[in-house]
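Visitor: Quick one: sequence plus predicted model below, questions after.
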Amino acid sequence: MLKRLTDLLDWIYKKKCYFCKSSKEAVKMCSKCYEEMDFLPVKPSRTVKGKKVYCAGIYSKNLQKLIRGLKYHNQRDLAFYLAQFMSEYFEKISDKKDYEVGMPVFERKCVRAIIEKNGKIAVQRGRAGDCKILGGGMDGEEDFETALSREVLEEGGLILCPGSMQLLGEIEEKRRDLFETDKIYHCHTYFFACTVEERTTEPHMTESEKAKGYHLEWMTPEEIVKANEPFSKEPWIYRDTAFVKMMMEGNL
């Protein structure tokens, strides 16, 4: 009886989308209007007193109306959607904060190749089913193209077309180092769209990669995300999967 009364009240005082006014969803912000808000790339917009400042979205259209509704029009129900928007953005910034201030820092730069063919991306796939985007750390004074050419050749036996690289975005990781636990691991991973030649060669993988059964495979973004679900606690899997999701959502 109570449920029927609640349903009746919900029908009489049905919430309408504050933005489009026409959605059939009985919510303050319908899913369509929420998805129309644009995320900015995951990178600092400026630095204030040595601290990086991030900007999550573009202050226009629905995001502008959301903020103004909260600030000036007492639309308190909208706070949930702003919190959700901010949470989704900051989940993309991989800072585990599992370290202590003042610990020495090991800083590293890495490159990753987004090589697409017929809607599929080249990945290194392990025997366990996990997927890694081709790429790795930069050695010495290598530039981006030299490092990525070497990594793509070593891990996948693919030959990078010179001059084909286009920067898509960066993911910044900051956490306690897995191997030297008294240090902070601070890594900048740059993802590049690039093309490869039709001819291939034999990969030159590390002994660890061979032991784990890694091999070249072509997978759709959706397949990569699904395959990596059981391995999401591994930092490198989390990073690569997060970037693939950003590609799928158009948030680059």
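Guide: Good, I have the coordinates.
Visitor: Going by C-alpha atoms from here, please, whenever you check contacts or count neighbours.
Guide: Noted.
Visitor: any chance you could map the helices in the stretch 151-252 of the chain?
Guide: In the stretch 151-252 of the chain, the segments counted as helices under DSSP state H, counting those that start in this stretch are 207-211, 221-228, 235-249.
Visitor: Of the ones you listed, which is nearest Ser164?
Guide: The stretch from the helices of the stretch 151-252 of the chain with the least distance to Ser164 (C-alpha to C-alpha) is helix 235-249; that distance is 18.7 Å.
Visitor: list the helices and strands the closest one packs on?
Guide: Under the contact criterion of 3 or more C-alpha pairs under 8 Å, 6 or more residues apart in numbering; DSSP states H and E, helix 235-249 touches strand 131-133, helix 221-228.
Visitor: how far off helix 235-249 does the longest one point, in degrees?
Guide: Relative orientation of helix 221-228 and helix 235-249, computed by axes from the mean of the first three to the mean of the last three C-alpha atoms, to 10 degrees: 150 degrees.
Visitor: Redo the helices and strands packed on helix 235-249 as CSV? Include mean pLDDT and distance to Pro104.
Guide: Output for those, formatted as CSV (pLDDT from 0 to 100; distance: least, C-alpha to C-alpha, whole Å):
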stretch, mean pLDDT, distance to Pro104
strand 131-133, 97, 28
helix 221-228, 97, 31
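Visitor: most neighbours per residue, which of these?
Guide: When you average the neighbours per residue for each of the helices and strands packed on helix 235-249 (mean count of other C-alpha atoms under 10 Å), strand 131-133 leads with a mean of 25.
Visitor: So which residues make contact with that one?
Guide: Judged by C-alpha atoms under 8 Å, 6 or more residues apart in numbering, the contacts made with strand 131-133 from elsewhere in the structure are 112-114, 122-125, 224, 227-228, 236-237, 240.
Visitor: cool, and stretch 149-162?
Guide: Where contact means C-alpha under 8 Å, 6+ apart, the residues beyond stretch 149-162 that reach it are 113, 123-124, 134-136, 145, 148, 194-197, 199-205, 215-216.
Visitor: ChimeraX command for the buried members of those?
Guide: Filtering the contacts of stretch 149-162 down to the buried ones (16 or more other C-alpha atoms under 10 Å) takes a single ChimeraX command:
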select :113,123,124,134,135,136,145,148,194,195,196,203,204,205,215,216
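Visitor: Out of the contacts of stretch 149-162, list just those in strands.
Guide: If you go by DSSP state E, the contacts of stretch 149-162 have 113, 123-124, 135-136, 196-197, 199-200, 215-216 in strands.
Visitor: now Phe243: how far from Ile224?
Guide: With the distance defined as C-alpha to C-alpha, to the nearest Å, Phe243 ends up 11 Å from Ile224.
Visitor: meant to ask about Lys210, not that
Guide: Lys210 sits 20 Å away from Ile224, taking C-alpha to C-alpha as the criterion.
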